[in-house]
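Novice: let's see this in three dimensions:
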Amino acid sequence: MKLDKILIGLGLIIYSILAYFLGIHSYKLLLVFLGISVLIFLITKLHFEPFLSILIVAIILGLFLGLSPSSIIDSVEKGTGSLLGHLSLILGLGAMFGRILEELGAVEITAKKMISLFGIKRIQLGLLIAGMCISFSLFFDVAFILVIPIILAVAKELKLDKIYLALPASIGVLTIHALFPPHPSPSIITKTFHLNMAEVFFYGLIVAIPTAIIGGLLLTNSKMVQTKPIVQTEQNNISVLKIEKQLMSSSFAIILMLLPVILITIPTIALGIKNLPSSLKDILTIISNPVTALIISLLIAIWKLMTVKHLRISSIAPILSKSIKTIAVVLLINGAAGGLKQVLVDSKVTDEIVQITSGMNISPILISFFVAAILRISLGSATIAAITTLAIVEPLVPTISYSPVFIMLSITAGSMFCSHVNDPGFWLFKQYLNLDFKTTFKTWTLGTTVASIVAFFIILIMTSIT
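Specialist: Take a look at the predicted model:
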């Protein structure tokens, strides 16, 4: 059965199960599931423009959910603006930074270094580890746009299918983003439950490592995802060993690639030191912001390009302008997805979920995962799904006999479930890799679903033995 057909029916199946076994008859949930099904049908079957499809479904769904026409427009504008306010800066700066790195050859140098470190046969694992490490201090979108140029360069160098390398690394990025502070949802849950940070990271790693390996690495090599395997040839070996004239050393290229990560991570750690002067705290806070870190990194990269190629600033402007044009479609689609999410939030769909779960006599672990998964499918945002689920399950925490860390991990695992057309991450993966919808569903959507389920089963096992 095709994955898009599975997605179209998934919402209705979930609703039917809830209605039959729990006596629940929520017209709002049914409308949301129907709306998502229509959206998937418009985009995948009719090949209608995704940006318009999302906006049309958002407006029609808002009307059926009881919002006034003016409220719907306000919700769409609010959701679009709040998402693009952050994402446009990140994607714009990231695109410019990536383009300058390409002009410098830093991406190719880093790619070849990765190949020499991990070897051809283990390059998937190397990129998976790189994605996970980069994601510890960066939001998903920032980490993704920093790691994707390396992935594409390695794929070109070794003549491999880009999905073969991109899916493991991307699932690794998502796994870290979902499960660990300082990312928004795990940070808020950790603070709310007063969790021990060492315990969060200890159990989180036990969940994250097999989740990323199975959801990314093993899935990519399975029959479910058709990619080109590595073929050891003499041409590959020559390609790895051959280094063309470089504009900088390998060490400088890698440092420059990781500079945004460094600028975010080190000041963030330093801010934890007690008795820091307030002026120094202010400076570190500014530097550690992803937007500021990308601006500083971009300026340094521009300076390096001007130095090694003896260019004037006027020669750099066309390069930057061209890079921005490539992200226009991504921004529009993501903005529309943010508008749809806000319509669902403002129509109080989450209140229906709260009412449904309030009288259930079900394990908090199960409630945490399934509510977060349903909200993830409905709203698209992993962060909103996790934070909303937190409000639902928080009263249940005092009744459990195991560590609340498992509740936190169960919520965040559910928030990774089934990324599809209402999730900005879906469009980032699709557009940056230039994939069709069928391939994106078969790789990214399937990968996030498998990773979420794997994480959940690991949590269940840990809960039963602790």
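
Novice: state the distance from the residue located most distally from the centre of the chain to Met248.
Specialist: Within the chain, His310 marks the point farthest from the mean C-alpha position, 37.8 Å out by Cα atoms, centre = their mean. Distance, His310 to Met248, by Cβ to Cβ, to the nearest Å: 14 Å. Heads up, the C-betas are built off the backbone N, CA and C, glycines and all.

Novice: ok, Ile264 next?
Specialist: Separation of Ile264 from Met248 (Cβ to Cβ) stands at 22 Å.

Novice: neighbour count winner among those two?
Specialist: Using other Cβ atoms under 10 Å, the more surrounded residue of Ile264 and Met248 is Ile264, with 23 against 17.

Novice: I'd guessed the more buried one sits against Ile286; true?
Specialist: No - contact criterion Cβ atoms under 8 Å: Ile264 and Ile286 do not qualify, at 11.4 Å.

Novice: which stretches in the stretch 301-450 of the chain count as helices?
Specialist: Assigned by DSSP state H, counting those that start in this stretch, the helices in the stretch 301-450 of the chain fall at 313-325, 328-346, 349-358, 364-379, 382-393, 405-414, 424-433, 437-440, 446-465.

Novice: out of these, deepest packed?
Specialist: helix 405-414 (a mean of 28; mean count of other Cβ atoms under 10 Å).

Novice: helices or strands up against that one?
Specialist: Here helix 405-414 touches helix 162-179, helix 184-193, helix 197-212, helix 364-379, helix 382-393, helix 446-465, going by 3 or more Cβ pairs under 8 Å, 6 or more residues apart in numbering; DSSP states H and E.

Novice: extract the C-alpha set from the last one and format it as CSV.
Specialist: Right, the one you point to is helix 446-465. Extracted in CSV, the C-alpha atoms of helix 446-465 (Å, rounded to 0.1, in the frame of the first residue of the first chain):
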residue,chain,number,x,y,z
LEU,A,446,8.3,7.0,7.0
GLY,A,447,11.6,7.7,8.7
THR,A,448,10.1,10.0,11.3
THR,A,449,7.3,7.5,11.9
VAL,A,450,9.7,4.6,12.4
ALA,A,451,12.0,6.6,14.6
SER,A,452,9.1,7.7,16.8
ILE,A,453,7.8,4.2,17.2
VAL,A,454,11.3,2.8,17.9
ALA,A,455,11.9,5.4,20.6
PHE,A,456,8.5,4.6,22.2
PHE,A,457,9.2,0.9,22.4
ILE,A,458,12.6,1.6,24.0
ILE,A,459,11.0,3.8,26.6
LEU,A,460,8.4,1.1,27.3
ILE,A,461,11.2,-1.5,27.8
MET,A,462,13.2,0.9,30.1
THR,A,463,10.0,1.7,32.1
SER,A,464,9.3,-2.0,32.7
ILE,A,465,12.8,-2.9,33.9
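
Novice: from the contact counts, what lies against that helix?
Specialist: Packed against helix 446-465, as judged by 3+ Cβ pairs under 8 Å, 6+ apart, are the following elements: helix 162-179, helix 197-212, helix 219-220, helix 364-379, helix 405-414.

Novice: can you say which of the ones you listed is nearest to Val38?
Specialist: Closest approach to Val38 among the helices and strands packed on helix 446-465 is made by helix 364-379 (13.6 Å; Cβ to Cβ).

Novice: now the angle from that closest one to helix 446-465?
Specialist: Orientation note: helix 364-379 sits at an angle of 160 degrees relative to helix 446-465 (axes from the mean of the first three to the mean of the last three Cα atoms, to 10 degrees).

Novice: about what we covered before: rank the helices and strands packed on helix 405-414 by mean pLDDT and give me the bottom one.
Specialist: Lowest mean pLDDT of the helices and strands packed on helix 405-414: helix 382-393, a mean of 76.

Novice: ok, back up a step: give me phi/psi at the residue farthest from the centre of the chain?
Specialist: Backbone torsions of His310, given as degrees, to the nearest 10, read phi 50, psi 50.

Novice: immediately after the longest helix along the chain, which helix or strand?
Specialist: Longest among the helix segments of the chain by residue count, using DSSP state H, is helix 69-104. Scanning forward in sequence from helix 69-104 by DSSP states H and E, the next helix or strand is helix 106-118.

Novice: rounded mean pLDDT for the helix or strand that that next one is followed by, please.
Specialist: Where DSSP H and E defines the elements, the next helix or strand beyond helix 106-118 is helix 123-135. Mean pLDDT, computed over helix 123-135, is 86.

Novice: just checking, what packs against helix 123-135?
Specialist: The contact analysis (3+ Cβ pairs under 8 Å, 6+ apart) places helix 123-135 against helix 106-118, helix 140-158, helix 162-179, helix 197-212.

Novice: about what we covered before: mind listing what's buried along the longest helix of the chain?
Specialist: 72, 75-76, 78-80, 83-84, 87-88, 90-104 (16 or more other Cβ atoms under 10 Å).

Novice: pLDDT weak spots in the stretch 1-150 of the chain?
Specialist: For the stretch 1-150 of the chain, applying pLDDT under 70 flags the ranges 1-27, 44, 86-87, 137-139.

Novice: pull the residues that contact the host helix or strand of Ile262.
Specialist: Following DSSP H and E, one finds Ile262 within helix 250-270. Helix 250-270 has contacts (Cβ atoms under 8 Å, 6 or more residues apart in numbering) with 97, 101, 104-107, 109-110, 112-113, 134, 136-138, 142, 146, 150, 182, 246, 248, 276, 284-285, 287-290, 292-294, 296-297, 300-301, 304.

Novice: please apply the same query to stretch 71-81.
Specialist: When contacts are defined by Cβ under 8 Å, 6+ apart, stretch 71-81 is touched by residues 55, 58-59, 62-63, 67, 335-336, 338-343, 345-346.

Novice: quick one: distance of that stretch to the chain centre.
Specialist: 23 Å (Cα atoms, centre = their mean, to the nearest Å).

Novice: ditto for stretch 303-319
Specialist: 33 Å.

Novice: for it, what is the average pLDDT?
Specialist: Stretch 303-319 shows a mean pLDDT of 88.

Novice: pull the CA atoms of it into PDB?
Specialist: Presented in PDB, the C-alpha positions along stretch 303-319 are these (Å, rounded to 0.1, in the frame of the first residue of the first chain):
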ATOM      1  CA  TRP A 303      36.000  38.200   4.500                       C
ATOM      2  CA  LYS A 304      37.800  34.900   3.800                       C
ATOM      3  CA  LEU A 305      36.400  34.700   0.300                       C
ATOM      4  CA  MET A 306      37.400  38.300  -0.500                       C
ATOM      5  CA  THR A 307      40.900  37.600   0.800                       C
ATOM      6  CA  VAL A 308      41.600  34.400  -0.900                       C
ATOM      7  CA  LYS A 309      40.000  35.300  -4.300                       C
ATOM      8  CA  HIS A 310      40.900  39.000  -4.100                       C
ATOM      9  CA  LEU A 311      37.300  40.100  -4.600                       C
ATOM     10  CA  ARG A 312      35.600  43.400  -3.900                       C
ATOM     11  CA  ILE A 313      32.500  43.600  -1.800                       C
ATOM     12  CA  SER A 314      30.500  44.500  -4.900                       C
ATOM     13  CA  SER A 315      31.400  41.100  -6.300                       C
ATOM     14  CA  ILE A 316      29.900  39.300  -3.300                       C
ATOM     15  CA  ALA A 317      26.500  40.900  -3.500                       C
ATOM     16  CA  PRO A 318      25.300  38.900  -6.600                       C
ATOM     17  CA  ILE A 319      26.300  35.700  -4.900                       C
END
